[in-house]
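Student: only geometry, no sequence info:
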DNA sequence: TCCATGCGATACCGTTCGGTATCGTCAGAG
DNA sequence: CTCTGACGATACCGAACGGTATCGCATGGA
């Protein structure tokens, strides 16, 4: 397979750094962090170990960079959902749940990258862990705000309930204990929002 | 402790196999599976690598055996809860939730061993994975039965909701995104049971 | 044209790990 | 007492890994 080297007119090649991150993303997600060697990432990125270490000081730094990208993607999805239903926090919450529910089949073999990475990196000082915890805290803050916007009487409790259910749906999908987890998840979140709706003030302007 | 008298110079020593399993349990839980070497287990068990390989063919077999023990402990706790409230499935469900909630502080640093091991063993053919999936399936079956006993109109859905919430509480505790997760968990499960129960007592929505 | 620079390839280093081989010892069964 | 089998200790092996050093080449700017 190495015989195609030297051809400059290959498929429009991304710069090595992008290829490395793409390859790392794919391998880390499917195989796990510690099971993927730098050598394997280099091969999948059609480059070499040396090139990787030219762009990332250590493997841990590369892992943290990958986590940052995953977190950014997630935040972008959150933003997209918010913009899709402006001023309608209830629909925003349901959109977020739908985003997770639709992603369940894709992670059925391997689970959520955040949950998995947390398990694979018990060292709290690992750079990737700070990214994860920061992201999770940020996400919780946003969800609490969303529940408050929706007029739920106890936004923290509602956000906790939604968070538990979203996370639980992912791990239960991973271990295969619950079938049709996506449908069930949607029904559950719907129930959570509906249950608090009686206290909802219909005349509530959107927060700018 | 009196059976092995004669040389009380040391702490009453269990047979090597027990010591190995105890040490493995402690290390796997606190450090993770792949980060713990067989050598480290041997040292903590006050024995040697060779002794470990005399009792377990490979490290993977030892991991699976540990998983089996954890699953058995969990099942025992389930049984204890059931016997504590005979004929009262609602209290049994709450007892199960309390068992999880009370265990949250203990796993705040490292998470649930099942979830973590699932992340650390992406290979579906790993012997420990079969133990996990079997255990989770068994647990789900029991929970569905419990919900059915409690007369909930949709036991599968109720069990899924409870499972999601229990699992989610554990991962959220691990990543520190939700505070007072134990209290919140109890309130949520209480709400789930009450809600399904009122749907049983009367066909109209009861929560106001 | 020349040179700096990024890149691919390869060889290498030190460490760790799973797993094995060997040997001396000690306790208990006959 | 002797035999047997489990145990502890140690040394070792081969593989894999993270990370480094070095060299040759292609490219692009001056």
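Tutor: All right, it came through fine. For clarity, every value in this text was computed on a predicted model and none was experimentally measured.
Student: Now do the same contact list for the closest residue to residue A:97 other than its chain neighbours.
Tutor: With sequence-adjacent residues excluded and distances taken as Cβ to Cβ, 6 or more residues apart in numbering or on different chains, residue A:97 is closest to residue A:189, at 4.0 Å. (C-beta placed from N, C-alpha, C; glycine too.) Residues near residue A:189 by Cβ atoms under 8 Å, 6 or more residues apart in numbering or on different chains: A:93, A:94, A:97, A:162, A:165, A:166.
Student: now swap in residue A:128 and tell me
Tutor: Counted by Cβ under 8 Å, 6+ apart, residue A:128 has contacts A:60, A:63, A:64, A:66, A:67, A:117, A:121.
Student: now do residue A:82
Tutor: With contact set as Cβ under 8 Å, 6+ apart, residue A:82 has these partners: residue A:92.
Student: pLDDT of the longest helix that chain A contains, averaged?
Tutor: Taking DSSP state H as the criterion, chain A has its longest helix at helix A:59-84. Here helix A:59-84 scores 96 as its mean pLDDT.
Student: Residue A:70 and residue A:114 touch, don't they?
Tutor: Yes. Between residue A:70 and residue A:114 there is a contact under Cβ atoms under 8 Å: 7.4 Å.
Student: The two: who's more crowded?
Tutor: Counted by other Cβ atoms under 10 Å in any protein chain shown, residue A:70 and residue A:114 do not tie: residue A:114 has more neighbours, with 24 against 19.
Student: Name the next helix or strand downstream of the one helix or strand that one maps to, please.
Tutor: Per DSSP states H and E, residue A:114 falls inside helix A:113-120. Following helix A:113-120 in sequence order, the next helix or strand is helix A:127-149 (DSSP H and E).
Student: and that following helix, how far from the chain's centre?
Tutor: 12 Å (Cα atoms, centre = their mean, to the nearest Å).
Student: how about it: buried residues?
Tutor: Residues of helix A:127-149 classed as buried: A:127-129, A:131-133, A:135-136, A:139-140, A:142-144, A:146-149 (neighbour count, 16 or more other Cβ atoms under 10 Å in any protein chain shown).
Student: what residue ranges in chain A are flagged as low confidence?
Tutor: A:1-13, A:197-208 (pLDDT under 70).
Student: which secondary structure element contains residue A:94?
Tutor: Residue A:94 belongs to helix A:89-103 when assigned by DSSP H and E.
Student: for that helix, packing partners?
Tutor: Judged by 3 or more Cβ pairs under 8 Å, 6 or more residues apart in numbering or on different chains; DSSP states H and E, helix A:89-103 is in contact with helix A:59-84, helix A:127-149, helix A:155-175, helix A:181-195.
Student: These: which one's closest to DNA strand D?
Tutor: helix A:59-84 (3.5 Å; Cβ to the nearest atom of the strand).
Student: Report the buried residues of the closest one.
Tutor: For helix A:59-84, burial by neighbour count (16+ other Cβ under 10 Å) applies to A:59-60, A:62-68, A:70-71, A:74, A:78, A:81-82.
Student: now the angle between helix A:89-103 and it, please.
Tutor: On the basis of axes from the mean of the first three to the mean of the last three Cα atoms, to 10 degrees, helix A:59-84 is oriented at 130 degrees to helix A:89-103.
Student: coming back round to it: please determine whether the longest helix of chain A lies in contact with DNA strand C.
Tutor: No. Helix A:59-84 stays clear of DNA strand C (Cβ under 7 Å from any atom of the strand), getting no nearer than 12.2 Å.
Student: Just want the angle from that helix to helix A:127-149.
Tutor: Using the same axes, to 10 degrees: helix A:59-84 against helix A:127-149 is 20 degrees.
Student: how about helix A:59-84, does it get close to DNA strand D?
Tutor: Yes. Interface with DNA strand D: helix A:59-84 contributes A:59, A:60 (Cβ under 7 Å from any atom of the strand).
Student: quick revisit: could you give the angle of the helix holding residue A:94 to helix A:155-175?
Tutor: Inter-element angle recorded for helix A:89-103 and helix A:155-175: 10 degrees (by the same axes, to 10 degrees).
Student: got the angle for helix A:89-103 vs helix A:181-195?
Tutor: Going by the same axes, to 10 degrees, helix A:89-103 makes 170 degrees with helix A:181-195.
Student: near DNA strand D, which residues of chain A?
Tutor: Residues of chain A that fall close to DNA strand D, judged by Cβ under 7 Å from any atom of the strand: A:6, A:8, A:35-40, A:49-50, A:53, A:58-60.
Student: Adding secondary structure and distance to residue B:105, write the residues you listed out as TSV.
Tutor: Formatted as TSV, these follow (DSSP: H, G, I helix; E, B strand; the rest coil; distance: Cβ to Cβ, whole Å):
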residue	secondary structure	distance to residue B:105
A:6	coil	60
A:8	coil	60
A:35	coil	31
A:36	coil	33
A:37	coil	36
A:38	helix	37
A:39	helix	41
A:40	helix	38
A:49	helix	42
A:50	helix	46
A:53	helix	41
A:58	coil	33
A:59	helix	33
A:60	helix	29
